[in-house]
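Peer 1: Pasting a predicted model and its sequence here:
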Amino acid sequence: MEQDTKLDMLAALDSRDSSINVQNGESDFSRFYHMNVPLQLTLEYCDGSEPGDYVNIITLSPTKAVLYQESLSQKNTPYAKNAPHFHDFFEFVIVLEGSIIQKIEGTEYLYTAGSCCLINRNLRHMEYYHSKSRILYIGLTSDFVTDLFASVQNSLFPNEKEICSSILYRFITSDLKEPGKRAYLDFIPAYRNPLHAGRLHSIAETMIQTLLYPEFGASHQIKGLLCAFLSYLSLPKYYHCTNVRLDTNSDFLLFSRITRLFEESDGRMTRAELEHCLHYSGDYLNRIVNKFTDMCLYDYGMTFCMKKAAQLLMETNDSISAIAAGLQFTNRTHFYTLFKKKYGVTPKEYRRMHA
């Protein structure tokens, strides 16, 4: 009952009473957003992709909460929130459910459930909804991020400082020193992280509840939750993080995602599994790989598999049969043929050469 009352109160608020000032608001080309609070969460739920469908939006900050609704037709007008824009704060775009098209400096990228990106300051972008989806936006000012990372130097536990070696930490601190670089971070779930969306949902829900019902210590709780979120994204066992420069086209980004998944799975991801992870058809993924390697998807995957086999031959005493079985080969002759084609010698000869 208490939560229903709270939502009723939010619904009655002025939908334009936000914590962000918009400059050049009538522009179809580029608007500028300035955030007046240290952080803001925006949760958007789109119930479909037709012009009559709606996007329900709730924005939360330490000073105010706003709940409103827009039709997709409204969001495609010059006054829509998702018009091309840039801002003076860092913004995480997190897909909790469904998928979204992120258009960054004119190039479109697909983000599916569990994936996200970090947009730095002064990078023009916008979002397109094309299916039922739930998206969380986290805006953080440079002062807030600076304060958050400063605490690392005085941390109680040595493990806390591991964040400093991550791509995420280096990207943010570099932008704090030299703003305006044309780059962003791309995050896709690791192959062995099947619960990615669930973990993001849990962190998002707790942050929202903390902002809706702040109590003594809420400031520390929010910072702790954001640290947990940043730590989760920065660990390679959970996420593949890529620093994408704006001269990188969308095909190469997709190719790098395929490469990361093959690296993690030792090249043993099937075409169907790649389709499920990346939400592109197998034929399209095959064309992307062929474009950059002149190989088909299967042969490209086998290069990672043979690389792993060679590593195991050098670094372990496992039998060749055990290594082949561990790499999912049921036909030992097939394994030998592929290995010799790659390295010019049999697995037994390769092990003897590198003993």
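Peer 2: That came in fine, so what should we check first? Computed from a predicted model, the values in this text were never measured in an experiment.

Peer 1: contacts, neighbours, all on C-alpha from now
Peer 2: OK.

Peer 1: what residue ranges in the chain score low on pLDDT?
Peer 2: Residue ranges of the chain with pLDDT under 70: 1-18, 24-29, 49-52, 72-82, 247-248.

Peer 1: Which parts of it are strands?
Peer 2: Applying DSSP state E to the chain gives strands spanning 20-23, 31-35, 39-46, 54-60, 65-71, 85-87, 90-97, 99-104, 107-112, 116-119, 125-128, 133-140, 183-189, 239-245.

Peer 1: mind checking which of those is nearest Leu176?
Peer 2: When those are compared by Cα to Cα, strand 90-97 sits nearest Leu176, at 10.0 Å.

Peer 1: Same list (the strands of the chain) but as TSV, adding distance to His354 and mean neighbour count.
Peer 2: Formatted as TSV, the strands of the chain follow (distance: least, Cα to Cα, whole Å; neighbours: other Cα atoms under 10 Å):
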stretch	distance to His354	mean neighbour count
strand 20-23	62	14
strand 31-35	59	18
strand 39-46	55	22
strand 54-60	59	21
strand 65-71	64	19
strand 85-87	54	23
strand 90-97	46	22
strand 99-104	47	20
strand 107-112	43	18
strand 116-119	42	24
strand 125-128	51	19
strand 133-140	51	21
strand 183-189	35	22
strand 239-245	32	19
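
Peer 1: Please convert these to JSON lines, extending it with distance to Tyr343.
Peer 2: Shown next, in JSON lines, are those (distance: least, Cα to Cα, whole Å):
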{"stretch": "strand 20-23", "distance to Tyr343": "59"}
{"stretch": "strand 31-35", "distance to Tyr343": "55"}
{"stretch": "strand 39-46", "distance to Tyr343": "52"}
{"stretch": "strand 54-60", "distance to Tyr343": "55"}
{"stretch": "strand 65-71", "distance to Tyr343": "59"}
{"stretch": "strand 85-87", "distance to Tyr343": "50"}
{"stretch": "strand 90-97", "distance to Tyr343": "42"}
{"stretch": "strand 99-104", "distance to Tyr343": "41"}
{"stretch": "strand 107-112", "distance to Tyr343": "37"}
{"stretch": "strand 116-119", "distance to Tyr343": "38"}
{"stretch": "strand 125-128", "distance to Tyr343": "45"}
{"stretch": "strand 133-140", "distance to Tyr343": "47"}
{"stretch": "strand 183-189", "distance to Tyr343": "32"}
{"stretch": "strand 239-245", "distance to Tyr343": "29"}
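
Peer 1: residues near Ala204, how many?
Peer 2: Counted with other Cα atoms under 10 Å, the neighbours of Ala204 add up to 22.

Peer 1: show me what contacts it?
Peer 2: Ala204 sits next to Leu136 when contact means Cα atoms under 8 Å, 6 or more residues apart in numbering.

Peer 1: Touching, His34 and Phe86? I think so.
Peer 2: No - counting by Cα atoms under 8 Å, His34 does not reach Phe86; the two are 9.1 Å apart.

Peer 1: Relative to the whole chain's centre, how far out is the lengthiest helix in the chain?
Peer 2: If you go by DSSP state H, the chain has its longest helix at helix 297-315. Taking Cα atoms, centre = their mean, to the nearest Å, one finds the center of helix 297-315 at 27 Å from the center of the full chain.

Peer 1: start the count at 61, not 1, going forward
Peer 2: Understood, numbering begins at 61; the last thing we discussed is helix 357-375.

Peer 1: What residues sit buried inside it?
Peer 2: Neighbour counts over helix 357-375 (16 or more other Cα atoms under 10 Å) mark 357, 359-370, 372-374 as buried.

Peer 1: same deal with stretch 213-222?
Peer 2: For stretch 213-222, burial by neighbour count (16+ other Cα under 10 Å) applies to Lys221.

Peer 1: if I pick Cys287, what's in contact with it?
Peer 2: Taking Cα under 8 Å, 6+ apart, we find Cys287 in contact with Leu208.

Peer 1: how about a cut-off of 10 Å?
Peer 2: Listed by Cα atoms under 10 Å, 6 or more residues apart in numbering, the contact partners of Cys287 are 208-209, 220, 223, 281, 293.

Peer 1: Buried ones only from these, please, as a ChimeraX command.
Peer 2: Buried subset of the contacts of Cys287, written as a ChimeraX selection, criterion 16+ other Cα under 10 Å:
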select :209,223,281,293
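
Peer 1: from the contacts of Cys287, which is closest to Ile164?
Peer 2: Checking those against Ile164 by Cα to Cα gives Leu293 as the nearest, at 20.7 Å.

Peer 1: so that closest one touches Ile263, yeah?
Peer 2: No - with contact defined as Cα atoms under 10 Å, Leu293 does not count as touching Ile263 (11.8 Å).
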